[in-house]
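Participant: Sequence and computational prediction follow.
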Amino acid sequence: MCEIQFDGFIYPGFDQIVTQVAKLHYRTGGAVKMPITIRVPFGGGIGAVEHHSESPEAYFAHTAGLRVVSCSNPQDAYDLIRLAIASDDPVLFFEPKRRYWAKGPVDQGLVEPLPLDRARVVRPGTDVTLVTYGPLVMTALDAATAADGDGISIEVVDLRSLSPLDLATIEASVRKTGRLVVTHEAAQSGGLGAEITASVTERCFDFLEAAPARVTGFDVPYPAASLEDHFLPDLDRILDAVDRVLGRRNSLTGWSITK
């Protein structure tokens, strides 16, 4: 196991990770295993200086031969790190820095934790599927609670595994709700949200009641700490996207198609 002290420091090791670590097992016909876990504190929200608040997960999720996971709560942090260490595959373990202070119960004797490559429905709902991971799971749950006040039921899916994606869990949720919102801190272009919305559209087109929506960071370098609250997806931006897929009044249309 090794640790990248901050997300923005991972790039000098990018070549070794994607061209060597990710390929050695394949190149050797399975003779050389790569049981390496790379811990990567990532994301914003802590008022850090430059190169300390990146979200580089999509670079690695794009690379065959790497597993990419992200925890969102203390129990998953415990379970996922143990599963990552036990895996014979190289695992990029993305830890949301702004959730390091989160408190919660941890069952160290859990006999059968959720597998490394499985998503979890952390809150059931019927109207909209809200997919996210890492630092924004807590924000998504807050948005779901706030939406209850308007009679909107949001199902929140925590991806946990970013590569491979558990598309079966996402698909089952979207087939039930008919609507999808994906949110992550990383920039929109080429992000995990694009892959998820494309895959859902391919698999669930006949079940969708509206075009999927993405709520992400912007396609700019990560801003100075004084501006990061404007960059990071928050409860209001997520709820606005929920209104958009429901045809309610929102910031883009300014009008409602519902009665």
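Facilitator: Nice, I can see it.
Participant: Please count neighbours and contacts with C-alpha atoms only from this point.
Facilitator: OK.
Participant: mind listing what's buried in the least confident helix or strand in the chain by mean pLDDT?
Facilitator: Least confident helix or strand, the chain: helix 24-27 with a mean of 92, by mean pLDDT, DSSP states H and E. Neighbour counts over helix 24-27 (16 or more other CA atoms under 10 Å) mark 24-25 as buried.
Participant: How about stretch 29-36?
Facilitator: Within stretch 29-36, the residues that count as buried by 16+ other CA under 10 Å are 33-36.
Participant: Format these as CSV; extra columns: pLDDT and secondary structure.
Facilitator: Below are the buried residues of stretch 29-36 laid out as CSV (pLDDT from 0 to 100; DSSP: H, G, I helix; E, B strand; the rest coil):
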residue, pLDDT, secondary structure
K33, 94, coil
M34, 95, coil
P35, 96, coil
I36, 97, coil
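Participant: Serialize those residues to CSV and add fields for distance to G43.
Facilitator: Shown next, in CSV, are these (distance: CA to CA, whole Å):
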residue, distance to G43
K33, 30
M34, 26
P35, 25
I36, 22
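Participant: between these, which is nearest P212?
Facilitator: Proximity of the buried residues of stretch 29-36 to P212 (CA to CA) peaks at I36, which lies at 35.5 Å.
Participant: what's near enough to touch that closest one?
Facilitator: By CA atoms under 8 Å, 6 or more residues apart in numbering, the contact set of I36 is 1-2, 85, 88-91.
Participant: in a strand, that's where R244 is, yeah?
Facilitator: No: counting by DSSP: H, G, I helix; E, B strand; the rest coil, R244 falls outside a strand, being helix.
Participant: how many neighbours does it have?
Facilitator: R244 is flanked by 24 other residues according to other CA atoms under 10 Å.
Participant: Excluding chain neighbours, what is closest to it?
Facilitator: Residue nearest to R244 in three dimensions, not counting chain neighbours: N250, with 5.8 Å by CA to CA, 6 or more residues apart in numbering.
Participant: residues touching that neighbour, list them.
Facilitator: Applying CA under 8 Å, 6+ apart, the residues near N250 are 240-241, 243-244, 256.
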